[in-house]
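I'd like to go over a predicted model; first the sequence, then the structure.
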Amino acid sequence: MDKQALLVGLDLGTSGVRALAVAADGRVVARGGVALATSGPPEPEGAAAAGRHEQSPEAWWGAVCQAIAAVVAAVTGAGYALTDLRAVCIDGTSGTLVPVDATGQPTRPAIMYSDARSAAEAAELNEAAADYCERLGHRFDASYALPKILWLARREPAAWERTAYCWHQTDYIASRLTGVVPATDYSNALKTGYDLLDECWPAWLDRWPGVADRLPNVVPSATPIGRISATAAAATGLPVGTTVVAGATDGVAASIASGLARPGDYNTTLGTTLVFKGISRELARHPQGTIYSHRLPGGMWLPGAASNTGGAWIDAWFAGADSRALDRAAQQHLPGHVVAYPLVGRGERFPFVAPQATGFVVPEPAETVERYAACLVGTALVERLAYEVLDTACGSGGGAVYATGGATASDVWMQCRADVTGRVVHRAAAPESAFGSAVLAAAGTVYKGLPEAIHAMVRIERSFEPSVGQAAGCDELFAAFRSELDKRGYVVDVSGRGVRKI
């Protein structure tokens, strides 16, 4: 191991860009972060109501340059040489589409992962590619990139005609850094229809002329794909020739940062929503197609799913409150007797599919702190249900949880999650996607693969064990939670392996 090597991890988020410089032993040496000034270019009237969400790739690039420049300045100020910066890796939002011309310039604003305009195209793909969906174990929806590509080809023919490549968010930034047409990675390619079993773009894409011709080459994450160009070096401060390796989606990068490494264990990223990832030796499938499996370098699979439930209820229902004070006060109400499903808005996608779903708190508490406590527990109840579904799909059970996301900062919530799920919950020292990207950068340059890089760089800061005295109360709450879901028609029975699956 080169102890002096520094790896740069870059996370492209919806609201900003984060960069880290990480030593080969896992120490975070420098941080840089830049908020995106706006959510995107001006959109037509009614776009939000129609579920549309666009952003400017040029704004991403400006933020990337500022974030990396801040990191470079910090590491050189700390006594490191520029030559110690060995590699860069990028993660970004999954399913975001960036159409560009032959020179790499966007032909229109990026269509974000959260954009819902291509629902009809997703339904068409599920019918036309039914065999593929069955083999890969997931179904297309509007959050995927491929339905967005079909939408673009049909609804904006002028932009489509100018489009030479259909890239992901990470591909666009990789191109700006290297000055070449980059290969994309397995995890970003999944939602664009890549066949991770046969490792190719499927032949059925030829049903839509011009689509396959615009798709990138695909390589495993951590594969070197280029070097920092002179133009990018001038804009960022990175040395010319620094290696750029293929990145991942932000969810995959977060799971790597968590320390997840053994089959049967899970990573849950708890932010606005809940995102689940697990390690499996085989691709996992679910009868409703709600689980999709990423492929990791080295052959392991990363089955996962995402819930619409998460931490959004904090800002929506307790706006302006001191969450730390509420955490402290909530401890005496945990696990309590109130059953909560803290969904903000309408519709759930995992661990059950219910477009009509709405949140509930039963019975409605009289005190604010008791309602807050019930929502802490309710989020953990969704987690517990999700792990049951994933265990059935993966043929595993009882593994530990490696937590990432903003909610990991709360010791009270972390302990609550361990108690409710009955699983050990680990908190990594640097539980963020940018750190996961730095680990991928090291895996492709400093270390002999991803497992070795994770072992060398990821540190568990604290582990939360389930409290034996809370087990009975949590089991009762979980049974009541399942009963409330059943009453509302949110849970269905699906036969399979003799287990009740959601």
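Thanks, I have the structure now.

The stretch 401-502 of the chain: helices as residue ranges?
Counting by DSSP state H, counting those that start in this stretch, the segments of the stretch 401-502 of the chain that form helices are 411-421, 433-443, 450-457, 471-487.

Output the contacting helices and strands for the shortest one.
To tie it back to what came earlier, the one meant is helix 450-457. In terms of contacts (3 or more CB pairs under 8 Å, 6 or more residues apart in numbering; DSSP states H and E), helix 450-457 is packed against helix 433-443. (Glycine included, C-beta is placed from N, CA and C.)

Would you mind writing the CA trace of the helix it packs on as CSV?
Only the C-alpha atoms of helix 433-443 are listed here, as CSV (Å, rounded to 0.1, in the frame of the first residue of the first chain):
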residue,chain,number,x,y,z
SER,A,433,-21.3,8.5,-0.7
ALA,A,434,-18.2,10.6,-1.5
PHE,A,435,-16.2,8.3,0.8
GLY,A,436,-17.5,5.3,-1.1
SER,A,437,-16.3,6.8,-4.3
ALA,A,438,-12.8,7.3,-2.8
VAL,A,439,-12.8,3.6,-1.8
LEU,A,440,-13.6,2.8,-5.4
ALA,A,441,-10.8,5.0,-6.6
ALA,A,442,-8.4,3.1,-4.4
ALA,A,443,-9.8,-0.2,-5.5
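
what distance separates that helix from the centre of its chain?
14 Å (CA atoms, centre = their mean, to the nearest Å).

pLDDT averaged over that helix, what's the number?
Summarised as a single mean, pLDDT over helix 433-443 is 97.

report the angle between the axes of it and helix 450-457?
Angle, helix 433-443 to helix 450-457, by axes from the mean of the first three to the mean of the last three CA atoms, to 10 degrees: 120 degrees.

Remind me what helix 433-443 packs against, helices and strands.
With 3+ CB pairs under 8 Å, 6+ apart as the test, helix 433-443 has strand 6-12, strand 16-23, strand 85-92, strand 243-249, helix 250-258, helix 450-457 packed against it.

Would you check that V439 makes contact with P451?
No - using CB atoms under 8 Å, V439 makes no contact with P451, being 10.5 Å away.

Who has more neighbours out of these two?
V439 (26 against 15; other CB atoms under 10 Å).

check contacts around the more buried one.
7, 9, 22, 256-257, 450, 453-454, 457-458 (CB atoms under 8 Å, 6 or more residues apart in numbering).

Could you do D265 as well?
Per CB under 8 Å, 6+ apart, neighbours of D265: 278-279, 399-402.

and those residues, which are buried?
Using 16 or more other CB atoms under 10 Å as the burial test, these include 278-279, 399-402 as buried.

Could you check how far I90 is from V181?
For I90, the distance to V181 equals 15 Å [CB to CB, to the nearest Å].

Spatially, what comes nearest to E124 if we skip its sequence neighbours?
What sits nearest to E124 in space, not counting adjacent residues and going by CB to CB, 6 or more residues apart in numbering, is L150, at 7.3 Å.

Could you check which helix or strand contains the one you found?
helix 145-155 (DSSP states H and E).

May I see the buried residues of whichever helix or strand comes after that helix?
Heading C-terminal from helix 145-155, the first helix or strand you meet, by DSSP H and E, is helix 157-162. Across helix 157-162, burial judged by 16+ other CB under 10 Å covers 159-160, 162.

Stretch 438-454 now?
438-447, 450, 453-454.

give me every residue that touches the residue in the chain sticking out farthest from the centre.
In the chain, the residue that sits farthest from the middle, by CA atoms, centre = their mean, is A366; the gap is 36.2 Å. By CB under 8 Å, 6+ apart, the contact set of A366 is empty.

what about it, distance to H168?
49 Å.

re earlier: can you redo the contacts of D265 as TSV with pLDDT and distance to W301?
Shown next, in TSV, are these (pLDDT from 0 to 100; distance: CB to CB, whole Å):
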residue	pLDDT	distance to W301
G278	92	9
I279	90	8
G399	90	14
A400	94	18
V401	96	18
Y402	96	16
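
from those, which is closest to G33?
Y402 (23.3 Å; CB to CB).

Can you get me a residue count around the nearest residue to that closest one once chain neighbours are set aside?
Leaving aside its sequence neighbours, Y402 sits nearest to S258 (CB to CB, 6+ apart; 3.6 Å). If you count neighbours by other CB under 10 Å, S258 ends up with 31.

mind listing what S258 touches?
S258 neighbours (CB under 8 Å, 6+ apart): 267, 269, 402-404, 426, 428, 431, 436, 458.

Chain neighbours aside, what residue packs nearest to the most centrally placed residue in the chain?
The centroid of the chain falls nearest to G251 when counting by CA atoms, centre = their mean (2.1 Å). Among residues not flanking G251 along the chain, V275 sits closest, at 5.0 Å (CB to CB, 6+ apart).

Against A340, how distant is the one you found?
If you go by CB to CB, the gap between V275 and A340 works out to 20 Å.

If you count neighbours, what's buried in the helix ranked longest in the chain?
The single longest helix within the chain, with elements called by DSSP state H, is helix 368-394. For helix 368-394, burial by neighbour count (16+ other CB under 10 Å) applies to 369-394.

residues near D213, how many?
With other CB under 10 Å as criterion, D213 counts 11.

that's a helix at it, yeah?
Yes - D213: assigned to a helix according to DSSP: H, G, I helix; E, B strand; the rest coil.

how about the helices in the stretch 251-400 of the chain?
Using DSSP H, counting those that start in this stretch, helices in the stretch 251-400 of the chain cover 312-317, 323-330, 368-394.

got the end-to-end distance for stretch 422-432?
24 Å (CA to CA, to the nearest Å).

chain center to it, what's the gap?
Put simply, stretch 422-432 sits 16 Å off its chain's centre (CA atoms, centre = their mean).

give me the low-pLDDT residue ranges for this structure?
1-3, 37-50, 492-502 (pLDDT under 70).

Report the distance from stretch 436-456 to the chain centre.
That offset, for stretch 436-456, works out to 19 Å (CA atoms, centre = their mean).
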